[in-house]
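Peer 1: Here's my sequence, what's the structure:
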Amino acid sequence: MSGRLLGQDASVLEAAGADVKALRALERQAVGTVALPAGHRVVDAHVHLGVDRDGHALAADDLVADLDAAGIDAAVAFPPDEPGPGGDFRHANDRVAEAADRHAGRIIPFCRVDPAVGAERAMQHAHEFGARGLKLHPVAQRFAPESDACVQVVRHATELGWPVLFHAGFGARPLGPAFAALLERVPTARLILAHGGRGDHRALAAVAAGYPDMVFDTSIAALPDLAALPPERIVFGSDRPYGDHAQALHLVGMAARVAGWDDRAMLGVMSGNLMRLLGGEGG
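Peer 2: Here you go, the predicted structure:
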């Protein structure tokens with residue numbers, strides 16, 4: 001049995017007084033909420049690898065152990081808020097690329113940049129080392145999605161064939177007009193809005209209706225928001241290490257029940273929709 005439990009070292013939880021046996025039972029029950037047909041794939045679209053400024057951390061070996069425990073095939077990974085001394089995330093991006101090389105087929109590397117700090121140079125470097133997408137965090141790096149600097153970064157990512165995953169949840173200002181303005185300038189951008197667009201879900205869902213390559217990840221999203229979206233606009237995500245795979249799978253399983261998704265819809269949510277944005281390639 002895995003030494004990991006709900007994304008943590010089980011021995012640490014036990015030492016803190018947690019009922020490990022009961023938690024394992026809850027984890028199994030949560031993971032089992034998602035029922036998929038034979039031959040399915042599950043790919044997590046939202047994982048941070050490294051050490052965040054706030055202390056949250058996740059190592060590649062622990063991520064792969066967590067994927068195995070939850071029956072997840074692969075995960076998109078990018079750095080947390082770890083810009084480094086130069087502020088361009090280059091070293092953190094390199095570590096994600098190295099982890100993807102060590103765990104071939106299990107980790108899909110994205111890079112992270114600050115649009116104001118050498119972004120295009122950092123993206124080109126990451127592209128040469130195998131990055132397949134971009135993560136942007138307007139709150140942590142303090143920029144507006146519709147700003148000239150961000151638009152340029154999204155345009156460059158689009159030229160590289162990359163999807164761009166945006167933080168679009170806690171701490172975000174009203175985002176509907178911001179992303180409408182961004183997409184007006186880069187209409188072919190492939191956007192993944194994290195947390196179900198929880199920062200401004202209704203307005204963002206209305207914007208997405210006009211752009212087939214704008215989707216929402218499920219990480220720490222609101223159940224009613226997910227249930228109201230067309231399943232072809234949803235990709236599974238956990239937000240590890242802030243979230244864990246068991247609760248992420250449970251949320252998607254509940255959304256599927258509420259909204260009545262069929263097998264085809266579930267296969268799209270759990271991997272197909274993300275793979276389409278990545279160019280149809282396997283993880």
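Peer 1: Give me the pLDDT for the most centrally placed residue in the chain.
Peer 2: For the chain, the residue nearest the mean C-alpha position is His46 (1.8 Å; CA atoms, centre = their mean). pLDDT, His46: 98.
Peer 1: can you check the one 4 residues further on too?
Peer 2: Predicted confidence (pLDDT) for Gly50: 97.
Peer 1: what's it in contact with, if anything?
Peer 2: Under the criterion of CB atoms under 8 Å, 6 or more residues apart in numbering, the neighbours of Gly50 are Ala57, Leu58, Pro79, Pro80, Glu82, Ala92, Arg95, Val96. Bear in mind the C-beta positions are built from the backbone N, C-alpha and C, glycine included.
Peer 1: if I look at it, how far off is Ala18?
Peer 2: Per CB to CB, to the nearest Å, Gly50 is found 26 Å from Ala18.
Peer 1: and if you look at Ile220?
Peer 2: Distance, Ile220 to Ala18, by CB to CB: 21 Å.
Peer 1: Please name the residues that touch the residue lying closest to Ala259 once chain neighbours are set aside.
Peer 2: Leaving out its chain neighbours, the residue that sits closest to Ala259 by CB to CB, 6 or more residues apart in numbering is Ala227, at 4.4 Å. Contacts for Ala227 (CB under 8 Å, 6+ apart) come out as Ala255, Val258, Ala259.
Peer 1: ranking these by neighbours, who comes first?
Peer 2: Highest neighbour count within the contacts of Ala227: Ala255, with 26 neighbours (other CB atoms under 10 Å).
Peer 1: Name the SS class of it, please.
Peer 2: At Ala255 the chain is in helix, as set by DSSP: H, G, I helix; E, B strand; the rest coil.
Peer 1: I'd say it and Ala228 touch.
Peer 2: No. If you go by CB atoms under 8 Å, Ala255 and Ala228 don't touch, sitting 9.4 Å apart.
Peer 1: quick one, strands of this protein?
Peer 2: Counting by DSSP state E, the chain has strands at residues 4-5, 8-9, 43-48, 50-51, 57-58, 74-78, 107-109, 111-112, 134-136, 163-166, 190-193, 214-217, 234-235.
Peer 1: Could you save the ones you listed as TSV and add columns showing distance to Glu27?
Peer 2: TSV is the format used below for these (distance: least, CB to CB, whole Å):
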stretch	distance to Glu27
strand 4-5	6
strand 8-9	11
strand 43-48	16
strand 50-51	24
strand 57-58	17
strand 74-78	17
strand 107-109	22
strand 111-112	29
strand 134-136	27
strand 163-166	26
strand 190-193	26
strand 214-217	21
strand 234-235	22
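Peer 1: Which among the ones you listed is found nearest to Ala178?
Peer 2: strand 163-166 (9.8 Å; CB to CB).
Peer 1: Okay, helices next: where are they in the stretch 1-150 of the chain?
Peer 2: Assigned by DSSP state H, counting those that start in this stretch, the stretch 1-150 of the chain shows helices spanning 10-15, 20-31, 60-70, 90-102, 119-128, 148-159.
Peer 1: of those helices, which approaches Ala206 most closely?
Peer 2: helix 148-159 (19.8 Å).
Peer 1: follow-up on the earlier one: output the helices of the stretch 1-150 of the chain in JSON lines, with mean pLDDT, mean neighbour count and distance to Pro187 appended to each entry.
Peer 2: Output for these, formatted as JSON lines (pLDDT from 0 to 100; neighbours: other CB atoms under 10 Å; distance: least, CB to CB, whole Å):
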{"stretch": "helix 10-15", "mean pLDDT": "78", "mean neighbour count": "13", "distance to Pro187": "47"}
{"stretch": "helix 20-31", "mean pLDDT": "77", "mean neighbour count": "15", "distance to Pro187": "38"}
{"stretch": "helix 60-70", "mean pLDDT": "95", "mean neighbour count": "19", "distance to Pro187": "34"}
{"stretch": "helix 90-102", "mean pLDDT": "98", "mean neighbour count": "20", "distance to Pro187": "27"}
{"stretch": "helix 119-128", "mean pLDDT": "97", "mean neighbour count": "18", "distance to Pro187": "20"}
{"stretch": "helix 148-159", "mean pLDDT": "98", "mean neighbour count": "19", "distance to Pro187": "9"}
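Peer 1: and of the ones you listed, who's closest to Ala205?
Peer 2: Taking CB to CB, helix 148-159 is the member of these nearest to Ala205, at 19.7 Å.
Peer 1: Helix 119-128 and the closest one, what's the angle between them?
Peer 2: If you take axes from the mean of the first three to the mean of the last three CA atoms, to 10 degrees, helix 148-159 sits at 20 degrees to helix 119-128.
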